[in-house]
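Chemist: Please find the sequence and the predicted model below.
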Amino acid sequence: MAGWSLVRVALLSDCYLPRLGGIEVQVHALAHRLVAAGHEVEVVTATAGPTRTRTVEADAGVTVHRLPLPFPGAPPVNPFVTEEVRRLLGSGGFDVAHAHMGVVSPFATGLVDVALACAVPTAVTWHCVIDRSAPILRALGHARRWNERRAALSAVSTMAAARVSGVAGGARVEVLGNGIDVDAWRPQSDEVRAQDDVVRVVSALRFVRRKRPGALVDVLRSARHRLDRTRPGVRLEAHLVGDGPQRRVVAAGLRRHGVDWVHLPGRVTREELRDLHRRSDVYLTTARLEAFGIAVLEARTAGLAVVARTGTGVEDFVTDGREGLLRGSDDALAAALADLAGDRTRLHGIRAHNLSTPPAQSWDRVVEGTTAEYARARRLAGHLS
(Lines give C-alpha, C1' and ligand atoms only; values in the text may rest on other atoms or scores of the structure.)
Protein backbone atom coordinates (compact mmCIF):
# COMPACT_ATOMS: atom_id res chain seq x y z
CA MET A 1 0.00 0.00 0.00
CA ALA A 2 1.19 3.50 -0.79
CA GLY A 3 2.91 5.11 2.17
CA TRP A 4 2.47 2.27 4.62
CA SER A 5 3.40 -1.37 5.00
CA LEU A 6 1.38 -3.37 7.53
CA VAL A 7 3.46 -4.90 10.28
CA ARG A 8 1.04 -6.30 12.82
CA VAL A 9 -2.75 -6.82 13.07
CA ALA A 10 -4.96 -8.08 15.90
CA LEU A 11 -8.13 -9.88 14.74
CA LEU A 12 -10.80 -9.68 17.44
CA SER A 13 -13.65 -12.21 17.27
CA ASP A 14 -16.01 -13.92 19.67
CA CYS A 15 -15.97 -17.00 17.43
CA TYR A 16 -13.08 -18.86 15.82
CA LEU A 17 -12.21 -22.40 14.85
CA PRO A 18 -12.74 -25.15 16.01
CA ARG A 19 -16.30 -23.75 16.19
CA LEU A 20 -17.89 -23.97 12.75
CA GLY A 21 -19.76 -21.10 11.16
CA GLY A 22 -19.40 -18.32 8.64
CA ILE A 23 -17.48 -15.86 10.83
CA GLU A 24 -15.25 -18.59 12.26
CA VAL A 25 -14.20 -19.90 8.85
CA GLN A 26 -13.75 -16.46 7.31
CA VAL A 27 -11.68 -15.01 10.18
CA HIS A 28 -9.46 -18.11 10.20
CA ALA A 29 -8.94 -17.92 6.44
CA LEU A 30 -8.31 -14.16 6.55
CA ALA A 31 -5.69 -14.60 9.27
CA HIS A 32 -3.75 -17.13 7.23
CA ARG A 33 -4.13 -15.22 3.96
CA LEU A 34 -2.75 -12.09 5.63
CA VAL A 35 0.22 -14.08 6.94
CA ALA A 36 0.80 -15.51 3.46
CA ALA A 37 0.89 -11.92 2.18
CA GLY A 38 3.69 -11.09 4.61
CA HIS A 39 1.77 -9.57 7.51
CA GLU A 40 1.90 -10.53 11.20
CA VAL A 41 -1.42 -11.65 12.68
CA GLU A 42 -2.61 -12.37 16.21
CA VAL A 43 -6.17 -13.56 16.87
CA VAL A 44 -7.92 -12.73 20.13
CA THR A 45 -11.01 -14.89 20.70
CA ALA A 46 -13.32 -16.20 23.41
CA THR A 47 -13.61 -19.56 21.64
CA ALA A 48 -12.00 -22.41 23.56
CA GLY A 49 -9.54 -24.87 22.13
CA PRO A 50 -9.30 -28.54 23.18
CA THR A 51 -9.40 -27.41 26.81
CA ARG A 52 -11.29 -24.51 28.37
CA THR A 53 -8.10 -22.92 29.66
CA ARG A 54 -6.57 -19.67 28.44
CA THR A 55 -3.89 -20.51 25.92
CA VAL A 56 -1.63 -18.88 23.37
CA GLU A 57 -1.25 -21.10 20.29
CA ALA A 58 0.93 -20.96 17.21
CA ASP A 59 -1.08 -21.95 14.13
CA ALA A 60 0.96 -21.92 10.90
CA GLY A 61 2.28 -18.43 11.52
CA VAL A 62 -0.86 -17.09 13.27
CA THR A 63 -0.74 -16.49 17.04
CA VAL A 64 -4.09 -17.32 18.65
CA HIS A 65 -4.97 -15.98 22.10
CA ARG A 66 -7.85 -18.06 23.46
CA LEU A 67 -9.63 -16.43 26.39
CA PRO A 68 -12.70 -18.60 27.09
CA LEU A 69 -14.80 -18.81 30.20
CA PRO A 70 -13.65 -21.91 32.12
CA PHE A 71 -17.11 -23.49 32.36
CA PRO A 72 -18.17 -26.53 30.28
CA GLY A 73 -20.61 -25.53 27.57
CA ALA A 74 -20.07 -21.80 28.10
CA PRO A 75 -20.69 -19.62 25.01
CA PRO A 76 -17.76 -17.75 23.40
CA VAL A 77 -17.96 -14.70 25.66
CA ASN A 78 -15.75 -13.50 28.50
CA PRO A 79 -16.32 -10.14 30.23
CA PHE A 80 -13.39 -10.67 32.58
CA VAL A 81 -10.44 -10.23 30.21
CA THR A 82 -10.59 -6.48 29.54
CA GLU A 83 -7.38 -5.64 31.38
CA GLU A 84 -5.52 -8.60 29.88
CA VAL A 85 -6.45 -7.52 26.35
CA ARG A 86 -5.69 -3.90 27.18
CA ARG A 87 -2.13 -4.92 28.10
CA LEU A 88 -1.82 -7.00 24.93
CA LEU A 89 -3.02 -4.24 22.60
CA GLY A 90 -1.24 -1.50 24.49
CA SER A 91 2.17 -3.18 24.42
CA GLY A 92 1.94 -5.44 21.36
CA GLY A 93 3.03 -2.93 18.74
CA PHE A 94 -0.13 -3.45 16.70
CA ASP A 95 -0.68 -1.27 13.67
CA VAL A 96 -4.41 -2.02 13.58
CA ALA A 97 -7.12 -3.99 15.37
CA HIS A 98 -9.85 -5.59 13.25
CA ALA A 99 -13.04 -6.66 15.03
CA HIS A 100 -15.57 -9.05 13.47
CA MET A 101 -19.20 -8.63 14.46
CA GLY A 102 -22.16 -11.00 14.31
CA VAL A 103 -25.74 -10.34 15.36
CA VAL A 104 -24.65 -10.69 19.00
CA SER A 105 -20.92 -10.23 19.65
CA PRO A 106 -20.36 -9.06 23.24
CA PHE A 107 -16.70 -10.12 23.30
CA ALA A 108 -15.68 -8.24 20.14
CA THR A 109 -17.91 -5.29 21.08
CA GLY A 110 -16.05 -4.82 24.34
CA LEU A 111 -12.67 -5.22 22.68
CA VAL A 112 -13.38 -2.49 20.10
CA ASP A 113 -13.66 -0.05 23.01
CA VAL A 114 -10.44 -1.43 24.46
CA ALA A 115 -8.58 -1.00 21.15
CA LEU A 116 -9.82 2.57 20.73
CA ALA A 117 -8.88 3.39 24.33
CA CYS A 118 -5.36 2.08 23.57
CA ALA A 119 -5.21 4.42 20.54
CA VAL A 120 -4.85 1.44 18.19
CA PRO A 121 -6.33 2.23 14.74
CA THR A 122 -9.48 0.10 14.58
CA ALA A 123 -11.53 -1.48 11.80
CA VAL A 124 -14.89 -3.11 12.50
CA THR A 125 -16.62 -5.48 10.04
CA TRP A 126 -20.21 -6.72 10.40
CA HIS A 127 -20.90 -10.22 9.03
CA CYS A 128 -24.62 -10.10 9.79
CA VAL A 129 -27.88 -8.49 8.71
CA ILE A 130 -29.14 -5.92 11.19
CA ASP A 131 -32.89 -6.43 11.09
CA ARG A 132 -35.22 -6.59 14.09
CA SER A 133 -32.29 -5.74 16.37
CA ALA A 134 -31.89 -2.30 14.71
CA PRO A 135 -33.81 -0.29 17.36
CA ILE A 136 -31.82 -1.93 20.16
CA LEU A 137 -28.47 -1.39 18.41
CA ARG A 138 -29.41 2.18 17.58
CA ALA A 139 -30.28 2.81 21.24
CA LEU A 140 -27.08 1.16 22.50
CA GLY A 141 -25.14 3.38 20.12
CA HIS A 142 -21.96 1.31 19.77
CA ALA A 143 -21.61 1.78 16.01
CA ARG A 144 -22.39 5.50 16.20
CA ARG A 145 -19.81 6.06 18.97
CA TRP A 146 -17.18 4.01 17.16
CA ASN A 147 -17.70 6.15 14.09
CA GLU A 148 -17.38 9.30 16.19
CA ARG A 149 -14.14 7.90 17.63
CA ARG A 150 -12.90 7.44 14.05
CA ALA A 151 -13.01 3.68 13.66
CA ALA A 152 -13.28 2.40 10.08
CA LEU A 153 -16.66 0.68 9.71
CA SER A 154 -17.42 -1.98 7.08
CA ALA A 155 -19.79 -4.84 6.31
CA VAL A 156 -19.64 -7.89 4.08
CA SER A 157 -22.12 -6.68 1.44
CA THR A 158 -23.79 -3.55 0.12
CA MET A 159 -27.07 -4.49 1.77
CA ALA A 160 -25.44 -5.22 5.13
CA ALA A 161 -23.43 -1.97 4.95
CA ALA A 162 -26.60 0.07 4.47
CA ARG A 163 -28.12 -1.55 7.58
CA VAL A 164 -24.99 -0.75 9.63
CA SER A 165 -24.99 2.84 8.42
CA GLY A 166 -28.60 3.11 9.54
CA VAL A 167 -27.72 2.33 13.18
CA ALA A 168 -24.50 4.37 13.04
CA GLY A 169 -26.14 7.71 12.33
CA GLY A 170 -25.53 7.63 8.58
CA ALA A 171 -21.82 6.85 8.93
CA ARG A 172 -19.70 5.83 5.97
CA VAL A 173 -19.63 2.03 5.90
CA GLU A 174 -17.43 0.34 3.31
CA VAL A 175 -18.10 -3.06 1.74
CA LEU A 176 -15.50 -5.67 2.67
CA GLY A 177 -16.75 -8.94 1.22
CA ASN A 178 -15.90 -12.49 2.18
CA GLY A 179 -13.23 -14.37 0.28
CA ILE A 180 -13.21 -17.63 -1.62
CA ASP A 181 -10.50 -19.98 -2.89
CA VAL A 182 -11.53 -19.85 -6.55
CA ASP A 183 -9.26 -22.70 -7.64
CA ALA A 184 -10.65 -25.02 -4.97
CA TRP A 185 -14.27 -24.58 -6.07
CA ARG A 186 -13.88 -24.12 -9.80
CA PRO A 187 -14.20 -27.49 -11.62
CA GLN A 188 -11.49 -28.59 -14.00
CA SER A 189 -14.08 -29.86 -16.48
CA ASP A 190 -17.84 -30.33 -16.89
CA GLU A 191 -17.58 -34.02 -17.71
CA VAL A 192 -18.96 -35.40 -14.43
CA ARG A 193 -22.48 -34.08 -15.05
CA ALA A 194 -25.06 -36.58 -16.24
CA GLN A 195 -26.54 -36.01 -19.68
CA ASP A 196 -30.25 -36.63 -19.05
CA ASP A 197 -33.54 -34.78 -18.56
CA VAL A 198 -33.03 -34.24 -14.83
CA VAL A 199 -32.20 -30.73 -13.60
CA ARG A 200 -30.28 -31.13 -10.36
CA VAL A 201 -30.76 -28.48 -7.68
CA VAL A 202 -28.59 -28.11 -4.59
CA SER A 203 -28.67 -25.94 -1.48
CA ALA A 204 -26.32 -25.89 1.52
CA LEU A 205 -27.75 -24.42 4.69
CA ARG A 206 -28.18 -24.67 8.41
CA PHE A 207 -31.64 -26.07 9.07
CA VAL A 208 -32.81 -23.20 11.28
CA ARG A 209 -35.87 -21.00 10.87
CA ARG A 210 -33.84 -17.98 9.77
CA LYS A 211 -32.63 -19.89 6.70
CA ARG A 212 -36.24 -20.85 5.80
CA PRO A 213 -35.76 -24.53 4.89
CA GLY A 214 -39.52 -25.08 4.77
CA ALA A 215 -39.89 -22.32 2.20
CA LEU A 216 -37.09 -23.94 0.20
CA VAL A 217 -39.09 -27.17 -0.08
CA ASP A 218 -42.25 -25.23 -0.95
CA VAL A 219 -40.44 -23.46 -3.80
CA LEU A 220 -39.09 -26.76 -5.12
CA ARG A 221 -42.52 -28.42 -5.04
CA SER A 222 -44.15 -25.44 -6.72
CA ALA A 223 -41.50 -25.42 -9.46
CA ARG A 224 -42.01 -29.16 -9.98
CA HIS A 225 -45.78 -28.67 -10.36
CA ARG A 226 -45.20 -25.91 -12.92
CA LEU A 227 -42.86 -28.15 -14.91
CA ASP A 228 -45.36 -31.02 -14.80
CA ARG A 229 -47.87 -28.72 -16.54
CA THR A 230 -45.57 -27.00 -19.02
CA ARG A 231 -42.53 -29.27 -19.58
CA PRO A 232 -43.48 -32.77 -18.39
CA GLY A 233 -40.30 -34.24 -19.87
CA VAL A 234 -38.12 -32.26 -17.44
CA ARG A 235 -37.69 -33.59 -13.90
CA LEU A 236 -36.25 -31.91 -10.82
CA GLU A 237 -34.02 -33.57 -8.26
CA ALA A 238 -32.79 -31.69 -5.19
CA HIS A 239 -30.19 -32.18 -2.47
CA LEU A 240 -30.56 -29.96 0.60
CA VAL A 241 -27.26 -30.30 2.43
CA GLY A 242 -26.76 -29.49 6.09
CA ASP A 243 -28.15 -30.13 9.56
CA GLY A 244 -30.01 -28.36 12.32
CA PRO A 245 -33.19 -28.47 14.40
CA GLN A 246 -35.50 -27.94 11.39
CA ARG A 247 -34.15 -30.92 9.44
CA ARG A 248 -36.47 -33.38 11.18
CA VAL A 249 -39.43 -31.12 10.49
CA VAL A 250 -38.54 -30.89 6.81
CA ALA A 251 -37.97 -34.66 6.55
CA ALA A 252 -41.37 -35.35 8.12
CA GLY A 253 -43.05 -33.00 5.65
CA LEU A 254 -41.38 -34.71 2.70
CA ARG A 255 -42.57 -38.11 3.90
CA ARG A 256 -46.09 -36.79 4.53
CA HIS A 257 -46.37 -35.46 0.97
CA GLY A 258 -44.63 -38.42 -0.66
CA VAL A 259 -41.79 -36.28 -2.04
CA ASP A 260 -39.01 -38.74 -2.87
CA TRP A 261 -37.00 -36.49 -5.21
CA VAL A 262 -35.81 -34.07 -2.49
CA HIS A 263 -32.91 -35.58 -0.54
CA LEU A 264 -31.52 -34.55 2.86
CA PRO A 265 -28.00 -36.02 3.05
CA GLY A 266 -27.17 -34.13 6.24
CA ARG A 267 -23.80 -32.58 6.93
CA VAL A 268 -21.16 -33.32 4.29
CA THR A 269 -17.48 -32.53 3.93
CA ARG A 270 -16.33 -29.66 1.75
CA GLU A 271 -14.96 -32.21 -0.73
CA GLU A 272 -18.34 -33.94 -0.91
CA LEU A 273 -20.09 -30.61 -1.39
CA ARG A 274 -17.72 -29.63 -4.20
CA ASP A 275 -18.42 -32.98 -5.89
CA LEU A 276 -22.17 -32.43 -5.54
CA HIS A 277 -21.87 -28.95 -7.06
CA ARG A 278 -19.96 -30.32 -10.01
CA ARG A 279 -22.78 -32.80 -10.70
CA SER A 280 -25.56 -30.20 -10.33
CA ASP A 281 -27.12 -27.41 -12.38
CA VAL A 282 -28.78 -24.88 -10.07
CA TYR A 283 -28.19 -23.52 -6.57
CA LEU A 284 -31.41 -22.42 -4.84
CA THR A 285 -31.75 -20.31 -1.72
CA THR A 286 -34.85 -18.75 -0.19
CA ALA A 287 -32.99 -16.89 2.60
CA ARG A 288 -34.14 -13.30 3.10
CA LEU A 289 -31.64 -12.28 5.79
CA GLU A 290 -28.43 -13.22 3.97
CA ALA A 291 -25.65 -10.76 4.78
CA PHE A 292 -23.35 -12.26 2.15
CA GLY A 293 -24.02 -15.88 1.19
CA ILE A 294 -20.67 -17.68 1.15
CA ALA A 295 -22.39 -20.99 0.29
CA VAL A 296 -24.02 -19.28 -2.70
CA LEU A 297 -20.67 -17.86 -3.82
CA GLU A 298 -19.10 -21.33 -3.62
CA ALA A 299 -21.84 -22.71 -5.86
CA ARG A 300 -21.58 -19.81 -8.31
CA THR A 301 -17.80 -20.35 -8.49
CA ALA A 302 -18.42 -24.06 -9.18
CA GLY A 303 -20.50 -23.03 -12.20
CA LEU A 304 -24.04 -23.43 -10.89
CA ALA A 305 -26.78 -21.02 -11.93
CA VAL A 306 -28.07 -19.25 -8.81
CA VAL A 307 -31.76 -18.70 -8.02
CA ALA A 308 -32.10 -16.40 -5.01
CA ARG A 309 -34.12 -13.62 -3.37
CA THR A 310 -33.50 -9.97 -4.15
CA GLY A 311 -32.52 -7.63 -1.33
CA THR A 312 -29.74 -9.84 0.08
CA GLY A 313 -25.95 -9.82 0.01
CA VAL A 314 -26.09 -12.27 -2.91
CA GLU A 315 -26.74 -9.28 -5.18
CA ASP A 316 -23.09 -8.27 -4.77
CA PHE A 317 -21.97 -11.22 -6.91
CA VAL A 318 -25.08 -12.39 -8.76
CA THR A 319 -26.65 -10.15 -11.40
CA ASP A 320 -30.12 -11.16 -12.55
CA GLY A 321 -29.91 -12.86 -15.93
CA ARG A 322 -26.13 -13.24 -15.87
CA GLU A 323 -24.98 -15.41 -12.93
CA GLY A 324 -28.50 -16.51 -12.11
CA LEU A 325 -32.04 -15.30 -11.49
CA LEU A 326 -33.08 -12.99 -8.64
CA ARG A 327 -36.70 -12.60 -7.58
CA GLY A 328 -38.60 -10.75 -4.88
CA SER A 329 -40.93 -13.49 -3.59
CA ASP A 330 -41.08 -17.24 -3.10
CA ASP A 331 -43.73 -17.59 -5.82
CA ALA A 332 -41.49 -15.71 -8.23
CA LEU A 333 -38.55 -17.94 -7.22
CA ALA A 334 -40.58 -21.05 -8.05
CA ALA A 335 -41.55 -19.61 -11.43
CA ALA A 336 -37.94 -18.64 -12.15
CA LEU A 337 -36.65 -22.10 -11.22
CA ALA A 338 -39.25 -23.79 -13.43
CA ASP A 339 -38.52 -21.45 -16.34
CA LEU A 340 -34.77 -22.02 -16.03
CA ALA A 341 -35.13 -25.80 -15.73
CA GLY A 342 -37.34 -25.83 -18.81
CA ASP A 343 -34.99 -23.68 -20.90
CA ARG A 344 -31.76 -25.65 -21.26
CA THR A 345 -30.26 -23.04 -23.61
CA ARG A 346 -30.59 -20.32 -20.99
CA LEU A 347 -29.45 -22.61 -18.18
CA HIS A 348 -26.37 -23.68 -20.12
CA GLY A 349 -25.60 -20.05 -20.97
CA ILE A 350 -25.60 -18.99 -17.34
CA ARG A 351 -23.53 -22.01 -16.36
CA ALA A 352 -21.03 -21.32 -19.15
CA HIS A 353 -20.64 -17.73 -17.94
CA ASN A 354 -20.11 -18.80 -14.32
CA LEU A 355 -17.60 -21.49 -15.32
CA SER A 356 -15.58 -19.13 -17.50
CA THR A 357 -15.76 -16.00 -15.34
CA PRO A 358 -14.32 -16.23 -11.82
CA PRO A 359 -15.98 -14.05 -9.17
CA ALA A 360 -14.37 -10.85 -7.93
CA GLN A 361 -14.23 -12.22 -4.36
CA SER A 362 -10.98 -14.17 -4.73
CA TRP A 363 -8.82 -14.10 -1.63
CA ASP A 364 -6.13 -12.03 -3.36
CA ARG A 365 -8.65 -9.25 -3.96
CA VAL A 366 -10.20 -9.58 -0.51
CA VAL A 367 -6.78 -9.29 1.17
CA GLU A 368 -6.07 -6.24 -0.96
CA GLY A 369 -9.39 -4.70 0.09
CA THR A 370 -8.78 -5.60 3.73
CA THR A 371 -5.36 -3.96 3.86
CA ALA A 372 -6.85 -0.89 2.16
CA GLU A 373 -9.42 -0.80 4.97
CA TYR A 374 -6.58 -1.02 7.49
CA ALA A 375 -4.91 1.95 5.81
CA ARG A 376 -8.21 3.85 6.09
CA ALA A 377 -8.40 3.02 9.79
CA ARG A 378 -4.91 4.41 10.27
CA ARG A 379 -5.72 7.56 8.31
CA LEU A 380 -8.83 8.12 10.41
CA ALA A 381 -6.75 7.67 13.57
CA GLY A 382 -4.21 10.19 12.30
CA HIS A 383 -1.41 7.67 11.76
CA LEU A 384 -1.14 8.27 8.01
CA SER A 385 -1.38 11.35 5.83
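Modeler: Arrived safely, thanks for sending.
Chemist: Please make it C-alpha for all contacts and neighbour counts, starting now.
Modeler: Noted.
Chemist: now the nearest residue to Arg150 once chain neighbours are set aside: how far from Thr312?
Modeler: With C-alpha to C-alpha, 6 or more residues apart in numbering as the criterion, Arg150 has its nearest non-adjacent residue at 5.5 Å, and that residue is Leu380. When distances are taken as C-alpha to C-alpha, to the nearest Å, Leu380 and Thr312 turn out to be 29 Å apart.
Chemist: Look at the two and report which has more neighbours.
Modeler: Ranked by neighbour count (other C-alpha atoms under 10 Å), Leu380 and Thr312 place Thr312 first, with 21 against 18.
Chemist: For the more buried one, give its distance to Glu373.
Modeler: Thr312 sits at a distance of 23 Å from Glu373 (criterion: C-alpha to C-alpha).
Chemist: hang on, the earlier thing: need the contact list for the residue nearest to Arg150.
Modeler: Leu380 makes contact with Pro121, Arg150, Ala151, Ala152, according to C-alpha atoms under 8 Å, 6 or more residues apart in numbering.
Chemist: I'd like these as JSON lines, with distance to Arg231 and secondary structure appended.
Modeler: Output for these, formatted as JSON lines (distance: C-alpha to C-alpha, whole Å; DSSP: H, G, I helix; E, B strand; the rest coil):
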{"residue": "Pro121", "distance to Arg231": "59", "secondary structure": "coil"}
{"residue": "Arg150", "distance to Arg231": "58", "secondary structure": "coil"}
{"residue": "Ala151", "distance to Arg231": "55", "secondary structure": "coil"}
{"residue": "Ala152", "distance to Arg231": "52", "secondary structure": "strand"}
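Chemist: Walk me through the domains of this structure.
Modeler: The chain breaks down into these structural domains: 8-179+362-380, 182-356 (assignment by automatic domain parsing).
Chemist: TSV for these, including mean pLDDT?
Modeler: Rendered in TSV, the data for the domains of the chain read as follows (pLDDT from 0 to 100):
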stretch	mean pLDDT
domain 8-179+362-380	96
domain 182-356	95
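Chemist: for the stretch 151-300 of the chain, what spans make up the strands?
Modeler: Per DSSP state E, counting those that start in this stretch, the stretch 151-300 of the chain carries strands over the ranges 152-155, 173-175, 198-204, 235-241, 262-266, 282-284.
Chemist: out of the ones you listed, which comes closest to Ile294?
Modeler: Taking C-alpha to C-alpha, strand 198-204 is the member of the strands of the stretch 151-300 of the chain nearest to Ile294, at 10.0 Å.
Chemist: what's the angle between that closest one and strand 262-266?
Modeler: Strand 198-204 runs at 40 degrees relative to strand 262-266, counting by axes from the mean of the first three to the mean of the last three C-alpha atoms, to 10 degrees.
Chemist: ranges for the helices of this protein?
Modeler: Under the criterion DSSP state H, the chain contains helices at 22-36, 82-91, 106-117, 134-140, 142-148, 158-167, 182-185, 213-230, 247-256, 270-278, 294-301, 330-342, 344-356, 363-380.
Chemist: Run through who's touching the second one.
Modeler: Looking back up the chat, that one is helix 82-91. With C-alpha under 8 Å, 6+ apart as the contact definition, helix 82-91 has outside contacts at Ala10, Gly110, Leu111, Val114, Ala115, Cys118, Val120.
Chemist: Same question for the fourth one.
Modeler: Contact partners of helix 134-140, identified using C-alpha under 8 Å, 6+ apart, comprise Ala143, Arg144, Val167, Ala168.
Chemist: could you redo the last one with a cut-off of 7 Å?
Modeler: When contacts are defined by C-alpha atoms under 7 Å, 6 or more residues apart in numbering, helix 134-140 is touched by residues Val167.
Chemist: now do the shortest one
Modeler: Applying C-alpha under 7 Å, 6+ apart, the external contacts of helix 182-185 come out as Arg274, Glu298, Thr301, Ala302, Pro358, Ser362.
Chemist: ok, now with 8 Å
Modeler: For helix 182-185, the external contacting residues (C-alpha under 8 Å, 6+ apart) are Arg274, Glu298, Ala299, Thr301, Ala302, Pro358, Pro359, Ser362.
Chemist: Which of these sits closest to Gly177?
Modeler: Using C-alpha to C-alpha, Ser362 is the member of the contacts of helix 182-185 that lies nearest Gly177, at 9.8 Å.
Chemist: list the contacts for that closest one?
Modeler: The neighbourhood of Ser362, defined by C-alpha under 8 Å, 6+ apart, consists of Gly179, Ile180, Asp181, Val182.
Chemist: now swap in Ala10 and tell me
Modeler: With contacts defined as C-alpha under 8 Å, 6+ apart, the neighbours of Ala10 are Val41, Glu42, Val43, Val44, Leu89, Phe94, Val96, Ala97, His98.
Chemist: quick one, what contacts the second one?
Modeler: To tie it back to what came earlier, the one meant is Glu42. Arg8, Val9, Ala10, Leu11, Ala31, Val62, Thr63, Val64, His65.
Chemist: In this structure the fifth one contacts Val62, no?
Modeler: Yes: under the criterion of C-alpha atoms under 8 Å, Ala31 is in contact with Val62, at a separation of 6.7 Å.
Chemist: quick one: which of those two has more around it?
Modeler: With other C-alpha under 10 Å as the criterion, Ala31 and Val62 differ in neighbour count, and Ala31 comes out ahead with 24 against 18.
Chemist: rewinding a little: want to throw the helices of the chain into CSV with distance to Glu237?
Modeler: As requested, those are arranged in CSV below (distance: least, C-alpha to C-alpha, whole Å):
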stretch, distance to Glu237
helix 22-36, 27
helix 82-91, 51
helix 106-117, 42
helix 134-140, 39
helix 142-148, 45
helix 158-167, 32
helix 182-185, 22
helix 213-230, 9
helix 247-256, 13
helix 270-278, 12
helix 294-301, 16
helix 330-342, 11
helix 344-356, 15
helix 363-380, 33
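Chemist: Nearest to Asp316, out of the ones you listed?
Modeler: helix 158-167 (6.8 Å).
Chemist: Output the contacting helices and strands for the closest one.
Modeler: For helix 158-167, the contact count by 3 or more C-alpha pairs under 8 Å, 6 or more residues apart in numbering; DSSP states H and E identifies strand 122-126, helix 134-140, helix 142-148, strand 152-155, strand 173-175 as packing neighbours.
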